[in-house]
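Asks: 3D model of this:
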Amino acid sequence: MARTKRSNPGAGDAGAGRILSDLEQRETPRNSYRAARRDAPVNCPSCGREVQRRARQERFCSRRCRQKANYGEKVARGDFSTRTIARPTTATAARSSPLLSAYDGQRCIGFVCSRGKLGFEAFDSEKRSLGVYGTQREAAAAITRGPP
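Replies: Okay, here's the model as predicted:
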């Protein structure tokens, strides 16, 4: 027998005196779909089918219905409304190479060397320094401009 609790009878609302079941009192997202009995059938919220229950937490009749409902929830939340950009999974994948070569066709025109926190140093093809720059792009642009 489920425990019951009367709602506030002195509030004067339309639901005064209504008896709340034990499940209604514990209405949280995790257990809101829990069946009161193990042998109660599953009423699928996705397709409306009624099937025999295999677990007390079971909510959908099949994997397909569960995935369909999860997709609908994601669309409702707006997960697909913005463009997602894949981020590197490791820090090493995000790091740039310590030494890069710049080519014009098949001819090497210079090098860009990482100097850590200092930035990037650009060298021409004869290994003369062209300066230290904040980004790789700036250093590469210095190589294409040539020596000052």
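
Asks: Give me the buried positions along the top strand by length along the chain.
Replies: The single longest strand within the chain, with elements called by DSSP state E, is strand 107-114. If you call a residue buried by 16 or more other Cβ atoms under 10 Å, then strand 107-114 has these buried ones: 110, 111, 112, 114. Every residue, glycine included, has its C-beta placed from N, CA and C.

Asks: Can you tell me which of those is closest to residue 140?
Replies: residue 112 (5.9 Å; Cβ to Cβ).

Asks: Provide a list of residues in contact with the closest one.
Replies: 99, 100, 102, 120, 121, 122, 123, 136, 139, 140, 143 (Cβ atoms under 8 Å, 6 or more residues apart in numbering).

Asks: I'd like the residues you listed laid out as JSON lines, including distance to residue 60.
Replies: Converted to JSON lines, these look like this (distance: Cβ to Cβ, whole Å):
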{"residue": "99", "distance to residue 60": "55"}
{"residue": "100", "distance to residue 60": "52"}
{"residue": "102", "distance to residue 60": "57"}
{"residue": "120", "distance to residue 60": "54"}
{"residue": "121", "distance to residue 60": "59"}
{"residue": "122", "distance to residue 60": "59"}
{"residue": "123", "distance to residue 60": "62"}
{"residue": "136", "distance to residue 60": "50"}
{"residue": "139", "distance to residue 60": "56"}
{"residue": "140", "distance to residue 60": "54"}
{"residue": "143", "distance to residue 60": "59"}
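
Asks: re the thing from before, which two from the buried residues of strand 107-114 end up farthest apart in space?
Replies: 110 and 114 (14.4 Å).

Asks: ok, the closest residue to residue 53 other than its chain neighbours - contacts?
Replies: In space, and not counting its chain neighbours, residue 53 is closest to residue 42: 5.0 Å by Cβ to Cβ, 6 or more residues apart in numbering. Shown in contact with residue 42 (Cβ under 8 Å, 6+ apart): 35, 50, 51, 52, 53, 58, 59, 60, 61.
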